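Participant: my questions are about this predicted structure, shown below with the sequence.
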Amino acid sequence: QVAIGVKKEVDFAGWYTSVLLKADMLEYYSVSGCYILRPWSFSIWEIIQEWFNSKIKEMDVENAYFPMFISQKALEREKDHIEGFSPEVAWVTRAGQSDLEEPIAIRPTSETAMYPYYAKWIKSHRDLPLKINQWNSVVRWEFKSPQPFLRTREYLWQEGHTAHLTKPEADREVLEILDLYRRVYEELLAVPVIPGVKSEKEKFAGALYTTTVEGFIPTSGRGIQAATSHHLGQNFSKPEMFNIFVEDPNDPSGQGKTFVWQNSWGLSTRTIGVMVMTHGDNQGLVLPPRVASIQVVVVPCGITAKTSDAQRAEIGDKCSELVKLLKRAGVRARADLREGYTPGWKFNEWEQKGVPLRLEIGPQDLAKAQTLGVRRDTGAKAPVPLEGIDKAVPALLETIQNEMFARAKALYDSRIREVTKWEDVVPALDNKCVVAIPWCEAEACEDDIKERSGRSAEPQDERAPSAGAKSLAIPFDQDRWSKIVPRQTKCPACGSDAKRWTLFGRSY
Ligand SMILES: O=C1CCCN[C@@H]1CCCn1cnc2ccccc2c1=O
């Protein structure tokens, strides 16, 4: 098996698909824009699901399942919230030999499938808060070039949809969920993200506001929306939409009714693509231990034709015994005792699959009652005494997890340029950076920035024009930037009063 044929910094797109294929994460599928998630990637989704599910159940969110089909009438309930999205909607128009009376949409998201029934189920304020989540797949028939995990026509996600009596209660939940998304990325995937709110232009049209965790792919210098948590206000519960209301318990007349305050939030298998791009290297996938279905692979070494059968058996038994001990300590360990493959061949395979830690055991290791540990993230080799190994290995895996995050965080931070003068914007973008600017938050200014930063990077360079910069997020943490107080500064793009530090960048 050849190594990853292309280099990450030379041909990023080619490297990415090669890593996914060589690690057996993905298989191309006969319908374009769709991919098979093989066990090596699906197991990552399962770990994310398990973690997130346990957290939302602590918040009294319940899982349910709504049909994937949405009638045209239901989907188009209120044109303006899905206008702009409708070109992506896939429709069923025929079954067998007969055309359907009415075309039926395949869900691109489930608001319009769910909310008519929220209206039916929510009668009294005692039915609130209603908190339902779905683990499902959605279809968005995109025409932009597909990218596995990042942009596919069908993808797995969870979509949470909640209804509350008061706005403050809904506002609180939006941020609680957003922090769970931050933790999925930072604590499970070792991927740094920046939480913030989207601009008016970038938010979901149906939302009062959209909060986001923004990721960054250093190799391309592009931002990526990693997950999203919207507060919908009463936009979907108002009479002309789904008319979801309860008697107002605070209205003395007893006649008042209040329309519910809603949130919707989603995290998808895009998580996996961002993790692969962040940590992968030219030997292939690099898995953060927390999401590795195999965290440690034990490989027998130093066995040659001259090795006696007894010694060969002793080494094999030692490997199996070590795996048993590690499993008892909660480590997902596997011994690779396959005959007919050299240790080197096995090293290469497990490196391509991104297994975080390899333990080599040969006759001399046995003699010294140790094993040689090899980290996948740094390649560092160090002997690990067998004595106490059930403590040392979990600790080493924690170290690997933390150092993978720290490196990615440092790199992300190094690619955020604080810019207060327009002429510094495009050069920063061309240096694979995103910019933090004291921004006026005017929508017209945002259009202007996208336009002005979209011309070809260097006029004299015939390179294809680079995409314009979009606003990525207005970070909640406004203090991380220099003490320039935006309110006393002018927007570098239009010169009007700046309001808050805002991240702009090219994006996925
Ligand atoms: O983000 C989320 C999180 C999960 C639940 N849904 C919200 C908002 C989805 C916005 N959206 C996104 N693409 C669409 C595509 C076709 C039709 C409708 C839509 C649409 O409403």
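Facilitator: Done, it's in.
Participant: so which bits of the stretch 251-400 of the chain are right by the ligand?
Facilitator: When proximity is defined as C-beta under 6 Å from any ligand atom, the stretch 251-400 of the chain approaches the ligand at 264, 265, 266. Just so you know, the C-beta spots here come from the backbone N, C-alpha and C atoms, and that holds for glycine as well.
Participant: now do the SS call for the last one.
Facilitator: Counting by DSSP: H, G, I helix; E, B strand; the rest coil, the backbone at residue 266 sits in strand.
Participant: residue ranges with poor pLDDT in the stretch 1-150 of the chain?
Facilitator: 1-3 (pLDDT under 70).
Participant: which residues does the closest residue to the ligand within the stretch 301-450 of the chain contact?
Facilitator: Of all residues in the stretch 301-450 of the chain, residue 443 sits closest to the ligand, at 18.9 Å by C-beta to the nearest ligand atom. For residue 443, the contact set (C-beta atoms under 8 Å, 6 or more residues apart in numbering) comprises 199, 200, 201.
Participant: how many residues are close by the nearest residue to residue 222 once chain neighbours are set aside?
Facilitator: Spatial nearest neighbour of residue 222, excluding adjacent residues (C-beta to C-beta, 6 or more residues apart in numbering): residue 506 at 4.8 Å. Residues lying near residue 506 (other C-beta atoms under 10 Å) number 22.
Participant: for the spatially most central residue of the chain, give me the pLDDT.
Facilitator: Centroid-nearest residue in the chain: residue 271, 2.3 Å away (criterion: C-alpha atoms, centre = their mean). We have a pLDDT of 98 for residue 271.
Participant: just checking, what packs against whichever strand or helix holds it?
Facilitator: According to DSSP states H and E, residue 271 maps onto helix 270-279. Helix 270-279 is packed against helix 12-22, helix 39-58, strand 209-217, strand 222-233, helix 389-414, with contacts defined by 3 or more C-beta pairs under 8 Å, 6 or more residues apart in numbering; DSSP states H and E.
Participant: return the most buried member of the ones you listed.
Facilitator: Here the criterion is mean neighbour count by mean count of other C-beta atoms under 10 Å, and of those the winner is strand 209-217, at a mean of 25.
Participant: that one and the ligand, are they touching?
Facilitator: No - against the ligand, strand 209-217 shows no contacts by C-beta under 6 Å from any ligand atom, the least distance being 7.9 Å.
Participant: what segments of the protein are helices?
Facilitator: Secondary structure of the chain by DSSP state H: the helices cover 12-22, 39-58, 72-75, 79-82, 111-121, 167-183, 270-279, 309-328, 343-352, 363-367, 389-414, 425-430, 443-452.
Participant: dump those helices to JSON lines, plus distance to residue 480.
Facilitator: Output for the helices of the chain, formatted as JSON lines (distance: least, C-beta to C-beta, whole Å):
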{"stretch": "helix 12-22", "distance to residue 480": "28"}
{"stretch": "helix 39-58", "distance to residue 480": "26"}
{"stretch": "helix 72-75", "distance to residue 480": "41"}
{"stretch": "helix 79-82", "distance to residue 480": "34"}
{"stretch": "helix 111-121", "distance to residue 480": "34"}
{"stretch": "helix 167-183", "distance to residue 480": "15"}
{"stretch": "helix 270-279", "distance to residue 480": "20"}
{"stretch": "helix 309-328", "distance to residue 480": "40"}
{"stretch": "helix 343-352", "distance to residue 480": "36"}
{"stretch": "helix 363-367", "distance to residue 480": "47"}
{"stretch": "helix 389-414", "distance to residue 480": "9"}
{"stretch": "helix 425-430", "distance to residue 480": "17"}
{"stretch": "helix 443-452", "distance to residue 480": "21"}
